[in-house]
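Chemist: missing the sequence, but the structure's below:
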């Protein structure tokens, strides 16, 4: 797996732009660090998302967060070379030759597809069985991405709620000027946290996860087309040319 520097640079650039602009206007970093506001926005958003999401989908979405910086490695060109090699081997020595290299296939979906091919499953049945797995994978993955999308929807509203709570605190302490500053700070910073988390973190994460899921689905569809072509006895060169159509 490779580290996605683009995600890291994008996150740092977004935060630097917001914080840097605040400092350039003469603001202080301490004014943006309000634990109370963060607890209101983060806790309220997390609770709302957990309320609307089944537990397995929620934790699935949390586990997918690592993909933002360490995305799954699915290289189309490498898969094309592998399928072409399988096709040439099968054309020369028969389907059972693939059984010898089964342990070297690290991806579970690819291993299952090759196993079905070796077992002599008919091409149409092979495609149907693997497409069922693709549909299940895509559906669960998109639900996981929607966890972050939902967080992006709730956070600004929770931020406004935090602002209102801060103003209530201000109104309750009008007779005590020493406590007014803290309430006003919570009111404004809670709004910043809500809008900032939604638009700088939650929604971009959701969009990135959807893109990564789509890439994995395309990779799996390419694998299916290759295995079906091998099962139908197509020429390795024809198979390679067909799969190159997936590469943009």
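Modeler: Looks like it arrived, so ask away. Small disclaimer: the values here were computed from a predicted structure and weren't measured. Numbers count the residues shown, from 1 in each chain.
Chemist: Check the protein and tell me which residue is nearest its centre.
Modeler: residue 209 (2.2 Å; C-alpha atoms, centre = their mean).
Chemist: Which residue lies closest in space to that residue, excluding its sequence neighbours?
Modeler: In this structure, residue 209 finds its nearest non-sequential neighbour in residue 145, 3.9 Å apart by C-beta to C-beta, 6 or more residues apart in numbering. (C-beta placed from N, C-alpha, C; glycine too.)
Chemist: Now the strand or helix carrying the one you found: average pLDDT?
Modeler: For residue 145, the host element (DSSP states H and E) is helix 123-172. Summarised as a single mean, pLDDT over helix 123-172 is 92.
Chemist: For that helix, what is the distance to the chain centroid?
Modeler: A distance of 11 Å separates the centroid of the chain from that of helix 123-172, by C-alpha atoms, centre = their mean, to the nearest Å.
Chemist: so what secondary structure elements neighbour that helix?
Modeler: helix 35-52, helix 55-63, helix 108-118, helix 180-197, helix 203-231 (3 or more C-beta pairs under 8 Å, 6 or more residues apart in numbering; DSSP states H and E).
Chemist: I'd guessed the residue nearest to the centre of the chain sits against residue 63; true?
Modeler: No - at 11.0 Å, residue 209 does not count as touching residue 63 under the criterion of C-beta atoms under 8 Å.
Chemist: Tell me the residues that contact both of the two, please.
Modeler: residue 144 (C-beta atoms under 8 Å, 6 or more residues apart in numbering).
Chemist: List the residues that contact the residue nearest to residue 209.
Modeler: By C-beta under 8 Å, 6+ apart, the neighbours of residue 145 are 61, 64, 206, 209-210, 213.
Chemist: now, among those, which is nearest to residue 98?
Modeler: residue 213 (28.0 Å; C-beta to C-beta).
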